[in-house]
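Enquirer: structure for this input, please:
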Amino acid sequence: QVNAGPLRVCSCCFPKVAADAQGKLYAAFRGEADDVREIALFVTADQGKSWRGGTVSSDQWRMNGCPMAGPALAVSPDGKSIALAWRTKERLRGAISRDGGKRFGPFDLAQGVGMQDYPFAALGADGSGVLLWTAGGRWQGVRVGTKADARKPLEPGVANAEASVLRGKDGQLLLLVAER
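Expert: Next up is the predicted model:
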């Protein structure tokens, strides 16, 4: 059980979990305190006996209800790089850590998004990866480099499609898109 202080896990916003190659577990969730929604990340190295972490975002999204949208989470195999992406009222946000979650650099991914737009994150063995989301029914995204500020937009993807990213044994990412 994660003790997040006054922040409660938003009951409908599905939390995400990931593990690194050393067995550390990472739990990302949308937290709520007094109707303000923020993204939090907690990490355990002892199979859940103790956790460290806290809020990553500072969006101050006030909502009397549940947005039904937890964050996307990706962790590199060595645990040094962590990527998060989440939706607020009208924008998608992302954050990258290159020090195992001690510090994050939040940034905007897209403005004017709707409540149906959900993000996805994946990182390769070297810490590079992608943050994907749907906007206007099309997949969009940014390629994340190994430097904290290295982001390059991807070409807009196909409409009406499902996408998934896999990390192979060699650490390379493979983007799969299936048109409906």
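
Enquirer: which helix or strand contains the residue most central in space within the chain?
Expert: Residue closest to the average C-alpha location in the chain (Cα atoms, centre = their mean): residue 84, at 2.4 Å. Element membership for residue 84 (DSSP states H and E) is strand 82-87.

Enquirer: relative to the whole chain's centre, how far out is that strand?
Expert: How far strand 82-87 lies from its chain's middle: 2 Å, per Cα atoms, centre = their mean, to the nearest Å.

Enquirer: can you list contacts of stretch 50-66?
Expert: 2-5, 7, 10-13, 27-28, 31, 35-44, 67, 84, 86, 88-89, 93, 95, 101, 104, 106 (Cβ atoms under 8 Å, 6 or more residues apart in numbering). Bear in mind the C-beta positions are built from the backbone N, C-alpha and C, glycine included.

Enquirer: output the next helix or strand after the strand holding residue 84 as PDB, restricted to C-alpha atoms.
Expert: Using DSSP H and E, the helix or strand that follows strand 82-87 in sequence is strand 91-97. Output in PDB follows, covering the C-alpha atoms of strand 91-97 (Å, rounded to 0.1, in the frame of the first residue of the first chain):
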ATOM      1  CA  ARG A  91      -4.300  19.600 -22.700                       C
ATOM      2  CA  LEU A  92      -1.900  16.700 -22.600                       C
ATOM      3  CA  ARG A  93       1.200  16.900 -20.500                       C
ATOM      4  CA  GLY A  94       4.300  14.800 -20.300                       C
ATOM      5  CA  ALA A  95       7.300  14.500 -17.900                       C
ATOM      6  CA  ILE A  96      10.700  12.900 -18.200                       C
ATOM      7  CA  SER A  97      13.100  11.900 -15.400                       C
END
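
Enquirer: and strand 91-97, what does it pack against?
Expert: strand 82-87, strand 105-111, strand 119-123, strand 129-135 (3 or more Cβ pairs under 8 Å, 6 or more residues apart in numbering; DSSP states H and E).

Enquirer: starting from that strand, tell me which strands it pairs with and how they run.
Expert: If you go by DSSP bridges, strand 91-97 pairs up with strand 82-87 (antiparallel), strand 105-111 (antiparallel).

Enquirer: follow-up on the earlier one: and the helices and strands packed on strand 91-97, which is most packed in?
Expert: strand 82-87 (a mean of 28; mean count of other Cβ atoms under 10 Å).

Enquirer: quick one: mean pLDDT for that strand?
Expert: The predicted model assigns strand 82-87 a mean pLDDT of 91.

Enquirer: now that strand and strand 129-135, what's the angle there?
Expert: Taking axes from the mean of the first three to the mean of the last three Cα atoms, to 10 degrees, one finds strand 82-87 and strand 129-135 inclined to each other by 10 degrees.
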